[in-house]
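**Q** I'll drop the sequence and a predicted model, then ask my questions.
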Amino acid sequence: ALPAAFDAFVTRHAEVLRQHLARRGTQTNEVGRGAVLRPALAEIAQLSGRTRLALFDFGASAGLNLNLAHYRAVYQFDDGRDALAVGPAEEATPTLPCRVHGPLPAQLLAPEAWTLAATLGCDLQPVDLRDPLARRWLSACLWPRDAERAERLRRAMALAEAHAPTVRAHTDGLSLLADWLDRLPPDVTPVLWHSWVLAYFSPGPLADFRRRAEALVRERGLWWLSAEDGPRTLALSGLTPPADPVPGEERADPAQHTFWVLSGPDARSADGIGRRLLARTHPHGRWLAWAG
């Protein structure tokens, strides 16, 4: 019965479908990655010596990850430690569960490890959460079977009504970032973050992105946090990602892992940049293996 039902559906909604094909692209905003972003920001605060951070989300969609401080992350450890919940405990708070493999230091999960003094996102086509149709489209781009992720998104969108993130439409996010750096107070550490965005870049633009981002690290004191797949991680950092699986976990194959690489100012390095693999994770933050 499925082919006939699908044919009837397409016929009935043909004009709306044509409009979607012409005007919309796939948009997602996975806040589950915030469970990994939390300790990564703490690591940056520790290394830079400043707990006040300014977070720039490149490819931010609706900007929901900029509300990280308002989410609750729940960590379950494989080393015998008790589970740890960090963040607000209100019933409607988005909850980000994460299983932790390896020695993730407790101080990186402390609530006072960092604070976001400024945030900004950019996207080619930001999702305007004030538009009911845009909110429906953001929900429609989720996998229908993933009820947990859908509920997380619903709560994050509801919370954004009170804490509206700032996301700007821009075709050159790094130039927007450079202008933003000029307006930040001197006592904050600026952080560029992107996750599963540069997979859409061809080799030429990817190399150009690396060149420009590294220049901001050297010249402006930027800390660059990249969360991408293996091939992009190698192209962006020169670091070879681990190739062994994570047994017993969803997406155990390293071809489906997200590799979190931190690049920051380092006068001891030949090119003025220190690079390290912080973690590899499930692409939606369901688990993390910390490298530090």
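**A** Here it is on my side, so go on. Since the structure is predicted, the reported quantities are computational estimates derived from the model, not experimental observations.

**Q** what's the neighbour count on residue 15?
**A** Burial measure for residue 15: 7 neighbouring residues, criterion other CB atoms under 10 Å. In this view, the C-beta of every residue, glycine as well, is placed from N, C-alpha and C.

**Q** swap in the one 5 residues further on?
**A** Applying other CB under 10 Å, we find 12 other residues in the vicinity of residue 20.

**Q** which secondary structure elements does the strand or helix carrying it contact?
**A** Here residue 20 is covered by helix 14-23, with elements defined by DSSP states H and E. If contacts are counted by 3 or more CB pairs under 8 Å, 6 or more residues apart in numbering; DSSP states H and E, helix 14-23 sits against no helix or strand.

**Q** just the pLDDT for the residue lying closest to residue 71 once chain neighbours are set aside.
**A** Spatially, and ignoring its direct neighbours in sequence, residue 71 is nearest to residue 94 (4.7 Å; CB to CB, 6 or more residues apart in numbering). At residue 94 the predicted local distance difference test score is 97.

**Q** can you name the helix or strand that residue 117 falls in?
**A** Short version, using DSSP H and E: residue 117 is in strand 115-123.

**Q** circling back to that earlier point, for residue 38, see how far away the residue nearest to residue 71 is.
**A** Taking CB to CB, to the nearest Å as the measure, residue 94 falls 13 Å from residue 38.

**Q** quick check: buried residues in the helix ranked longest in the chain?
**A** What stands out as the longest helix in the chain, according to DSSP state H, is helix 203-220. For helix 203-220, the buried set under the neighbour-count rule, 16 or more other CB atoms under 10 Å, comprises 206, 209-210, 213-214, 216-217.

**Q** which other helices and strands contact it?
**A** In this structure, helix 203-220 packs against helix 173-183, strand 189-195, strand 223-228, helix 230-237, strand 258-265, strand 273-281, with contacts taken as 3+ CB pairs under 8 Å, 6+ apart.

**Q** residue 74: which of those is closest?
**A** strand 273-281 (15.2 Å; CB to CB).
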